[in-house]
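>>> what would the 3D arrangement of this be:
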Amino acid sequence: MEPYAAEWWSIVPPIVAIGLALLTKEVFSSLLVGIFTGTLIYAVGTDANIVMGTLETAFTMMAKKVDFNILIFCSLLGALVYLISLSGGTVAYGKASTKVIRGRRSSLAATGGLGIAIFIDDYFNCLTVGTVMRPITDVYKISRAKLAYIIDSTAAPVCIIAPISSWAAAVGSSLKDTGVFESELGAFVATIPWNFYAIFSLLLVFFLCCTDFDFGPMRRAEEQASRQSVDVTASGGTADEKLKYNPNGTTWDMLVPLGALIVFAVLALMYTGGYWGTDAKYHTFMAAIGNSSASISLVFASFGALMVALLMYVPRKLMTFAQFAEGSVEGMKLMLPANIILILAWTLSGVCRDLLSAPQFMQHVVTSSGMGAMFLPVIVFAIAAFLAFSMGTAWGTFGILIPIVVPIVEVLDPNLTVVVLSATLAGSVFGDHCSPISDTTILSSAGAGCAHIEHVSTQLPYALLVAGSAGVGYLVAGVSGGSLWMSWLATAVVLFGVTIFLHVKEGRSASKA
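Numbers count the residues shown, from 1 in each chain. Prediction:
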């Protein structure tokens, strides 16, 4: 199928899908409508049959865009999580953790800390943190929406400022294409202090964990959770307490398989990156991680962790082999909604990117805007945010924009090159972070056991606040000629000032009511 230059029409499908999802609170049909809207535009533009052309194009794109490695990883991880619960390990871990984590705030902080610790890959982060911390946050009546927000806010924002991660490798490959930087890793490290969205997203997470200064839909979700026990089935998760778990399970029955998952993930990333291969340039840890294939590595890791669970549970008679096999299937079934959403989101992104030429349209917008160097950081941040939000992909966004904006800023003001590059990465992460069709948003919902649309609607005000504050920071950076401390100060004042104001304002409104 040949691409069709749809110009402004190329961004209509994601707008339709996102708008319907937020309006109807139903994500499956919304994504389907968005997909068919895009393929209808393509059929009309290419003079194809309106009915059959629309349907055939949609299903052909769906077949092309499915990443089976990620689907297999999600399914195997769902099986592992279910088996850990079946063994009694989750219940034992929850009881043991309450002896160490004795309060609501400490459990929230521990969740954020674990999210930061798992910085290798965002997919792995989303599902692992939810699995480990969900039993603890349930004990302290923390809403699944708050858990999903913390997971999502310590996934992509952490990976984009971690030099050793799959994201750093993706950015490095885009930087290499520009031919401007002597060291791609050095350029990536230089962007870290200027990545205001990622850094201040993490700071806001811990600020809210320590203060409970929630506002908007999240505050209402937290108030509802505090008045009653967390209803897992109502929030789109699985009721672990309804499982016939083995009372003889121990904390190690949870920690050892998950620890094996982490170890196998790192080893698999090194293996797929060529650490033990014949090419000597990949015989260092960082080079191998940068050259690795994250999706297949996570499949290897999840399969290895399942084998560890099998060797732990069956010989000790925590379950029979038949129960292990049946539990694996049940766990895979629980990941079916998340897998379907991923497939539909990938398809919608492919329709916009590959068929309707949305990236080329955004490239034209950037190059023809005639923007001055002073406002370049904030404008690039906004364009990257919009593109990533519409397509649901950060990697695709900075892969498109970096080769465009770096040569532009090199001509206008080389002193702002790192700032503009950081703004590109930050805007890409923001769009990916809060887009309903982003895979990390979907996986965060699944990891927390939270209804997807509930996660999107409760997280969006926080993400928008951080993005607005980061935009102020990039505006100050451009006006000041690249002053880091002034940009940081402006971002921090806006972010925490508005957060406190909104919390106090809602508190006064609630007291009057």
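>>> CA atoms for contacts and neighbours, from now on please.
OK.
>>> ok, Ser302 - contacts?
Counting by Cα atoms under 8 Å, 6 or more residues apart in numbering, Ser302 makes contact with Phe73, Leu76, Leu77, Leu80, Leu261, Phe264, Ala265.
>>> closest to Asn49 out of those?
Phe73 (37.6 Å; Cα to Cα).
>>> what number of residues lie near that closest one?
Neighbour count of Phe73, defined by other Cα atoms under 10 Å: 23.
>>> spatially nearest residue to it, not counting backbone neighbours?
Nearest non-adjacent residue to Phe73, counting by Cα to Cα, 6 or more residues apart in numbering: Val299, 4.8 Å away.
>>> for the helix or strand encompassing that neighbour, C-alpha coordinates in PDB please.
Element membership for Val299, per DSSP states H and E: helix 294-313. C-alpha atoms of helix 294-313 as PDB (Å, rounded to 0.1, in the frame of the first residue of the first chain):
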ATOM      1  CA  ALA A 294      14.100  -5.600  24.000                       C
ATOM      2  CA  SER A 295      10.900  -7.400  22.800                       C
ATOM      3  CA  ILE A 296      12.500 -10.800  22.200                       C
ATOM      4  CA  SER A 297      14.700 -10.500  25.300                       C
ATOM      5  CA  LEU A 298      11.600 -10.000  27.400                       C
ATOM      6  CA  VAL A 299      10.100 -13.200  25.900                       C
ATOM      7  CA  PHE A 300      13.200 -15.100  26.900                       C
ATOM      8  CA  ALA A 301      13.100 -13.700  30.400                       C
ATOM      9  CA  SER A 302       9.500 -14.400  31.000                       C
ATOM     10  CA  PHE A 303       9.800 -17.900  29.800                       C
ATOM     11  CA  GLY A 304      12.800 -18.500  32.000                       C
ATOM     12  CA  ALA A 305      11.000 -17.100  35.000                       C
ATOM     13  CA  LEU A 306       8.100 -19.500  34.300                       C
ATOM     14  CA  MET A 307      10.500 -22.400  34.300                       C
ATOM     15  CA  VAL A 308      11.900 -21.200  37.700                       C
ATOM     16  CA  ALA A 309       8.400 -21.100  39.100                       C
ATOM     17  CA  LEU A 310       7.700 -24.600  37.800                       C
ATOM     18  CA  LEU A 311      10.800 -26.000  39.500                       C
ATOM     19  CA  MET A 312       9.800 -24.200  42.800                       C
ATOM     20  CA  TYR A 313       6.100 -24.900  43.000                       C
END
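>>> so the following helix or strand past it versus helix 294-313, what angle?
Where DSSP H and E defines the elements, the next helix or strand beyond helix 294-313 is helix 321-334. Between helix 321-334 and helix 294-313, the angle comes out at 150 degrees (axes from the mean of the first three to the mean of the last three Cα atoms, to 10 degrees).
>>> what's helix 321-334 packed up against?
helix 68-87 (3 or more Cα pairs under 8 Å, 6 or more residues apart in numbering; DSSP states H and E).
>>> and for the helix it packs on, what are the contacting residues?
Helix 68-87 is contacted by residues 90-91, 127, 131, 240, 243-249, 253-254, 295-296, 298-299, 302-303, 305-306, 309, 313, 318-319, 324, 327-336, 339 when judged by Cα under 8 Å, 6+ apart.
>>> for ChimeraX, what selects the buried ones among those residues?
In ChimeraX, this line selects whichever of the contacts of helix 68-87 come out buried by 16 or more other Cα atoms under 10 Å:
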select :90,91,127,131,240,245,246,249,253,254,295,296,298,299,302,303,305,306,309,313,318,319,324,327,328,329,330,331,332,334,335,339
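>>> ok, the residue nearest to Phe73 - contacts?
Applying Cα under 8 Å, 6+ apart, the residues near Val299 are Asn69, Ile70, Ile72, Phe73, Leu76.
>>> ok, now Thr397?
Ala384, Leu387, Ala388, Ser428.
>>> which one of these is nearest Thr39?
Checking those against Thr39 with Cα to Cα, the nearest one is Leu387 at 18.9 Å.
>>> tell me the one of the contacts of Ser302 nearest Thr39?
Phe73 (29.1 Å).
>>> confidence score at that closest one?
For Phe73, the pLDDT comes out at 81.
>>> and what of Ala239?
42.
>>> please report how far Lys317 lies from Gly115.
According to Cα to Cα, to the nearest Å, Lys317 stands 33 Å off from Gly115.
>>> between these two, which one's more packed in?
Relative neighbour count places Gly115 above the other of Lys317 and Gly115, with 24 against 12, counting by other Cα under 10 Å.
>>> spatially central residue in the chain, please.
The chain has Thr440 as the residue nearest its centroid, 2.7 Å off, counting by Cα atoms, centre = their mean.
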